[in-house]
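Colleague: what's the 3D shape of this:
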Amino acid sequence: EGAFYVYRLSSMDGGAKREKPIAEIQLVLCSVKPVRMGSRSYLKLRSPRDQLMLQALTEDKMRSWTLFFSSAIAAAYGAGGPYGGSNSGGVGSGGGGNTSG
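Modeller: Below you'll find the model as predicted:
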């Protein structure tokens, strides 16, 4: 649908009940940038209205999530790629993407 939603984890019900998202960012006009602060790795998602910082457990995970979001942003534009477009097999169907920026 072209949006990324963040939900609060619920320890009471195992996450079975879907609540309202605590954050929503539209991917169409979004940019993604890996950020290092000391020994920590972050991912900055920025749209014209919102900014979201996500912490990655490792630098490798940060690179993987950057690749994922770069591909999802391209798919939101209708550019195809592994996570969308007319030639794709759906989410998680393959690699590739551009992490420059």
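Colleague: For residue 73, give its distance to residue 56.
Modeller: Going from residue 73 to residue 56 by C-beta to C-beta, to the nearest Å gives 17 Å. In this view, the C-beta of every residue, glycine as well, is placed from N, C-alpha and C.
Colleague: between these two, who's got more neighbours?
Modeller: The neighbour comparison of residue 73 against residue 56 (other C-beta atoms under 10 Å) goes to residue 73, with 26 against 18.
Colleague: Can you tell me how far residue 52 is from residue 73?
Modeller: Distance from residue 52 to residue 73, by C-beta to C-beta: 13 Å.
Colleague: Would you state the helices of the protein in chain order?
Modeller: 59-76 (DSSP state H).
Colleague: in it, which segments are predicted with low confidence?
Modeller: The chain contains residues with pLDDT under 70 at 1, 11-18, 79-101.
Colleague: so residue 7 makes contact with residue 21?
Modeller: Yes - contact status for residue 7 versus residue 21: in contact at 5.5 Å, counting by C-beta atoms under 8 Å.
Colleague: how far away is residue 19 from residue 54?
Modeller: Applying C-beta to C-beta to residue 19 and residue 54 gives a distance of 19 Å.
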